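Visitor: A predicted structure for the sequence below; I have some questions about it.
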Amino acid sequence: MTPVRVLVVEDNDAFRQTLELLFGLREEIEVVASVATGNEALTVVRELRPDVVLMDYRMPGLNGAEATRLVLEADPTTHVVCLSASVTAQEVAEVQQAGAVAVITKDEDFDRLVACVCEAAGQ
């Protein structure tokens with residue numbers, strides 16, 4: 001199986017680095033880049049064309065819904081999974097309307113997160 005190429009977008013440095021480390025232990029995931037903001041995500045998506053963008057919702061600058069919309073405009077073949085500590089029903093609706101294929105909370109089991117990323121990529 002070819003690994004799912006993932007861009008991690010998370011403004012919390014420690015959490016982003018932890019995600020990179022944990023994904024690095026999984027053969028089904030390849031982290032191609034990780035960034036702290038939605039604006040940085042746009043640049044990376046245009047350059048690397050990841051299969052999945054794991055997008056934080058609450059970030060400085062663009063929020064997850066705004067960044068999702070712009071990422072999908074930049075590369076409609078990319079799939080976005082929104083990851084957040086907590087999201088309201090309105091925020092979930094905003095992210096889904098922007099084109100995210102799934103919304104998952106940061107306290108979910110890591111295996112569930114991996115499965116969600118793989119499902120988003122069609123694997």
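Guide: Received, thanks. Numbers count the residues shown, from 1 in each chain.

Visitor: ok so residue 81 is a strand residue?
Guide: Yes. Under DSSP: H, G, I helix; E, B strand; the rest coil, residue 81 sits within a strand.

Visitor: OK, contacts around it?
Guide: 52, 53, 54, 55, 100, 101, 102, 103, 104, 116, 117, 120 (C-beta atoms under 8 Å, 6 or more residues apart in numbering). (Glycine included, C-beta is placed from N, CA and C.)

Visitor: ok, which stretches of this protein are strands?
Guide: Ranges of strands in the chain, per DSSP state E, are 4-9, 29-35, 52-56, 79-84, 102-105.

Visitor: pick the most deeply packed of those strands.
Guide: strand 52-56 (a mean of 27; mean count of other C-beta atoms under 10 Å).

Visitor: re the thing from before, so which of the contacts of residue 81 is the closest to residue 34?
Guide: Nearest to residue 34 among the contacts of residue 81: residue 54, at 8.9 Å, using C-beta to C-beta.

Visitor: quick one, grab the pLDDT at residue 63.
Guide: Residue 63 is assigned 89 on the pLDDT scale.

Visitor: report the central residue of this protein.
Guide: Centroid check for the chain by C-alpha atoms, centre = their mean gives residue 54 as the closest residue, at 0.9 Å.

Visitor: name the nearest residue to residue 106, ignoring sequence neighbours.
Guide: residue 85 (4.9 Å; C-beta to C-beta, 6 or more residues apart in numbering).

Visitor: residue contacts, residue 30?
Guide: Contact analysis of residue 30 by C-beta under 8 Å, 6+ apart lists 3, 4, 5, 6, 23.

Visitor: show me the shaky parts of this protein.
Guide: Residues of the chain meeting the criterion pLDDT under 70: none.

Visitor: distance to residue 73 added to the strands of the chain, as CSV?
Guide: Shown next, in CSV, are the strands of the chain (distance: least, C-beta to C-beta, whole Å):
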stretch, distance to residue 73
strand 4-9, 15
strand 29-35, 17
strand 52-56, 13
strand 79-84, 12
strand 102-105, 19
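
Visitor: I'm done for today, thanks for sticking with me.
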